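**Student:** Show me the folded form of this:
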Amino acid sequence: ISAGGGSVQYNENNEPDGYVLYWLEDEVFHIKDMIFINEEARIGLWNFISAHFSMITKVVGNIHTDEPLAFLLEDADIHETISPYYMARIVDIEQFVAQYPFKADTHKREWTFTLNDPLLSWNQGTFMLKIDEQGKGTVLRYTGRTEDKIDIQTMTTMLLGYKRPDYLYKIGRIVCSEETLDMLEDAIEQKTPYFSDYF
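**Tutor:** As a prediction, the model looks like this:
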């Protein structure tokens, strides 16, 4: 027997602050997707799920690797399996950076680097990254010389937050000065990417 549905958590102004999509099958509560924007919505959604405890034996779903779920749920018996299955690639460095949310700062930042992309010619060459005080970035072709180097796989990994610039520098995937490394560490958010479903 299988049944499914969704629940929306509303705030005191009758505005949606979160939702859960789910289905019930063989006494298992499967969470397809759950989004909440504040703690009240998170608690409300888990209260909704716990209201089904009399008819289910367990709850199953996919969560972010860094999600502190075991800590948030009291007396929870949680089994976690890590299964990476996504690959990402920046296909146009100039357009990607134009939409990328760098962290704001009190001054402008620059980095000149040679980017190696064996497949896409428009990602291959020497570029200058400029980041303004608001965190708006631009990448322009650069005709001068630089000793700084990075490949497109490392750039993707760094900008999507999968690995920090400091780690990539230590294993030789980024060639740059320590000053540039500090700038990259400060400019890139420390968040791990998460996709809840295939696309």
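**Student:** can you pull the contacts of T157?
**Tutor:** Counting by C-beta atoms under 8 Å, 6 or more residues apart in numbering, T157 touches 163, 168, 173. Where C-beta positions appear, they are placed from N, C-alpha and C, glycine not excepted.
**Student:** now the second one, nearest residue through space, not along the chain?
**Tutor:** Put plainly, it is L168. Closest residue to L168 apart from its sequence neighbours, by C-beta to C-beta, 6 or more residues apart in numbering: I174 at 4.8 Å.
**Student:** that older thread, which of the contacts of T157 lies closest to I152?
**Tutor:** Using C-beta to C-beta, R173 comes nearest to I152 of these, at 11.2 Å.
**Student:** Next up, phi/psi of the residue nearest to the closest one when sequence neighbours are not counted, please.
**Tutor:** Spatial nearest neighbour of R173, excluding adjacent residues (C-beta to C-beta, 6+ apart): T154 at 4.3 Å. Here is the backbone geometry of T154 (degrees, to the nearest 10): phi -70, psi -40.
**Student:** What's the first helix or strand after the helix ranked longest in the chain?
**Tutor:** Assignment by DSSP state H gives helix 39-50 as the longest helix of the chain. Downstream of helix 39-50, the next assigned helix or strand under DSSP states H and E is strand 58-61.
**Student:** M183 looks like it's in a strand, true?
**Tutor:** No. With DSSP: H, G, I helix; E, B strand; the rest coil as the criterion, M183 is assigned helix and is not in a strand.
**Student:** quick one: average pLDDT of the longest helix of the chain?
**Tutor:** For helix 39-50, the mean pLDDT works out to 88.
**Student:** cool, and stretch 62-77?
**Tutor:** pLDDT averaged over stretch 62-77 gives 64.
**Student:** cool, and stretch 95-113?
**Tutor:** 95.
**Student:** can you pull the contacts of K149?
**Tutor:** Per C-beta under 8 Å, 6+ apart, neighbours of K149: 113-114, 116, 174-176.
**Student:** Please flag which of those sit within strands.
**Tutor:** 113-114, 116, 174-175 (DSSP state E).
**Student:** shouldn't D151 be in contact with L119?
**Tutor:** No. Using C-beta atoms under 8 Å, D151 makes no contact with L119, being 11.0 Å away.
**Student:** So for those two, which sits in the more crowded spot?
**Tutor:** Applying other C-beta atoms under 10 Å to D151 and L119 shows that D151 carries more neighbours, namely 16 against 9.
**Student:** I'd like the distance between the more buried one and A51.
**Tutor:** 51 Å (C-beta to C-beta, to the nearest Å).
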